[in-house]
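Enquirer: below is the sequence, then the predicted model.
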Amino acid sequence: MWVLLMIIFAQPYQVEYINLLGSYKHKEECVIEKDRAVNTMNQTNSRPVSFGCLKIGLNRTSTEFHVKQYKGKL
């Protein structure tokens, strides 16, 4: 799964907040929406922001390992 994030900066090196704009099954969908968001922000010329697509997910084998590791301790 891919998520589209918008990071709003208060100062050059300080993050004011991070906004989740959407989640997508494929990277290509996320990139299309990211480009659309960048174009929209460029037209409004508001404060400094950054957009990015981030892949998130769990590795099945590591998840099974953690389930087995903590089984009975929860």
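Expert: Now that the structure is in, tell me what you want to look at. Numbering: from 1, shown residues only.

Enquirer: only C-alpha atoms from now on, for both contacts and neighbour counts.
Expert: Noted.

Enquirer: what residues are up against the residue nearest to residue 31 when sequence neighbours are not counted?
Expert: Spatial nearest neighbour of residue 31, excluding adjacent residues (C-alpha to C-alpha, 6 or more residues apart in numbering): residue 53 at 6.7 Å. Shown in contact with residue 53 (C-alpha atoms under 8 Å, 6 or more residues apart in numbering): 2-5, 27, 30-31, 34.

Enquirer: before we move on, what about residue 2?
Expert: So residue 2 contacts 23-27, 30, 53-56 (C-alpha under 8 Å, 6+ apart).

Enquirer: that one - nearest residue in space that isn't next to it in sequence?
Expert: Looking at residue 2 with C-alpha to C-alpha, 6+ apart, the closest residue is residue 55, at 4.4 Å.

Enquirer: quick check: the two most widely separated of the contacts of residue 53?
Expert: The most widely separated members of these are 5 and 27, with 13.1 Å between them, by C-alpha to C-alpha.

Enquirer: so for stretch 28-45, mean pLDDT?
Expert: Averaged over stretch 28-45, pLDDT sits at 91.

Enquirer: low-confidence ranges, this structure, go.
Expert: For the chain, applying pLDDT under 70 flags the ranges 45, 58-74.

Enquirer: kindly recompute the last result at 50.
Expert: In the predicted model, the chain carries pLDDT under 50 at residues 63-74.
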